[in-house]
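> Model the structure of this input:
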Amino acid sequence: MTRQKRSITLSIDETEKAQLEQLALDFGQQWGDRPNISKLLKAIAKGELRLAANHDWDKSRIDSLTRGLNLLKDEGYWDEALTLAHLLLERSELNYPLRQELQAWVDCPGVPWRIEINRCIRQQRPFRLTYQDAANRVWHFTVRHAKIERYEDHQYLHCWCDETEGNQDIEPLHHNWTLRLDRIPDEAVISPAAGLWQPELSYLEVEFFLVGGLALGYRSKTKADIINEWQPETQRRRVVRRISNTFWFLRDVRRYGVDCLIASPADLRDRFVQELGRWMEIYGG
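Reported below is the predicted structural model:
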């Protein structure tokens with residue numbers, strides 16, 4: 001004896017019926033070639049299809065998630081970025097240009113060397129890298145510590161390497177290199193290197209003093225400032241910052257002008273004074 005099935009009656013108009021039939025087609029709930037609303041409802045009841053909240057995300061939420069996705073990509077969290085990209089692509093609220101951009105990235109998330117560099121950084125594995133500088137010279141580096149950082153408009157591989165020849169930074173930072181990612185050739189091959197991963201980049205402590213209104217208004221914007229103290233007797237502020245690259249440090253403090261005095265180390269102070277001297281020569285001083 002076959003079990004008698006219960007039936008229900010849906011009070012819907014023709015438009016709603018057409019919408020349900022379209023959903024049945026979209027989710028493969030058919031009887032032959034025809035959409036089957038009963039199969040659609042059964043699939044929902046059995047949990048084979050899940051109901052989701054209405055697609056009503058506002059633009060600010062989409063923008064926030066897109067910025068988060070870009071940050072994940074910048075930091076090398078590719079798996080997490082791909083997961084978030086797929087989540088966004090499921091939403092109907094995305095405008096067409098953004099959908100195209102996300103889909104293009106999902107289809108081709110990055111050149112192989114970038115994926116491999118991120119993997120080496122996360123697994124703390126030394127690797128060999130080929131690099132081409134602005135003068136089209138080719139360099140080969142053995143990288144033992146690295147992180148990807150953004151300076152102004154470009155992303156850089158900030159790394160500690162065995163090689164020091166050609167490094168123009170001061171001696172304590174000779175093992176540190178800042179390599180623009182867009183200058184690594186697309187066909188670059190990242191190969192494993194023997195030896196151990198360095199715990200961090202090379203660092204040195206720089207002491208400088210701020211005067212005038214800058215001394216009163218200055219606030220540390222980075223954990224790199226390990227000392228930030230007001231000196232009432234001299235009416236100036238003493239700052240000690242831990243740096244790994246003098247180029248970007250000088251680029252940062254140069255905007256402070258005469259309200260900033262670099263005190264130590266002496267070789268960094270001398271380098272800045274020499275730079276000022278070249279400026280004077282350029283301007284005929």
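
> contacting residues for Pro185?
130, 132 (Cβ atoms under 8 Å, 6 or more residues apart in numbering). Using the backbone N, CA and C atoms, a C-beta is placed for each residue, glycine as well.

> Give me the phi and psi for it.
phi -60, psi 140 (degrees, to the nearest 10).

> any idea how far it is from Trp248?
Separation of Pro185 from Trp248 (Cβ to Cβ, to the nearest Å): 24 Å.

> again, but for Pro265
16 Å.

> for Leu69, same thing?
26 Å.

> Show me which of those two is the more surrounded one.
The neighbour count for Leu69 versus Trp248, taken as other Cβ atoms under 10 Å, is higher for Leu69 (21 against 16).

> Is that one inside a helix or a strand, and which specific one?
helix 59-75 (DSSP states H and E).

> Span of stretch 216-223 from start to end?
Distance across stretch 216-223, first residue to last, is 19 Å (Cα to Cα, to the nearest Å).

> What's opposite Gly129 in the beta bridge?
Not quite, residue 129 is Leu, not Gly. Following DSSP bridges, Leu129 is listed with bridge partners Phe141.

> what sits against it?
Contact partners of Leu129, counting by Cβ under 8 Å, 6+ apart, are 117, 140-143, 157, 179, 184, 188, 190.

> Just the strands from the stretch 1-150 of the chain, written as ranges.
30-31, 34-35, 127-132, 138-151 (DSSP state E, counting those that start in this stretch).

> Okay, buried residues for the third one please.
This points to strand 127-132. Going by neighbour count (16 or more other Cβ atoms under 10 Å), the buried part of strand 127-132 is 127-131.

> Return the distance of it from the chain's centre.
20 Å (Cα atoms, centre = their mean, to the nearest Å).
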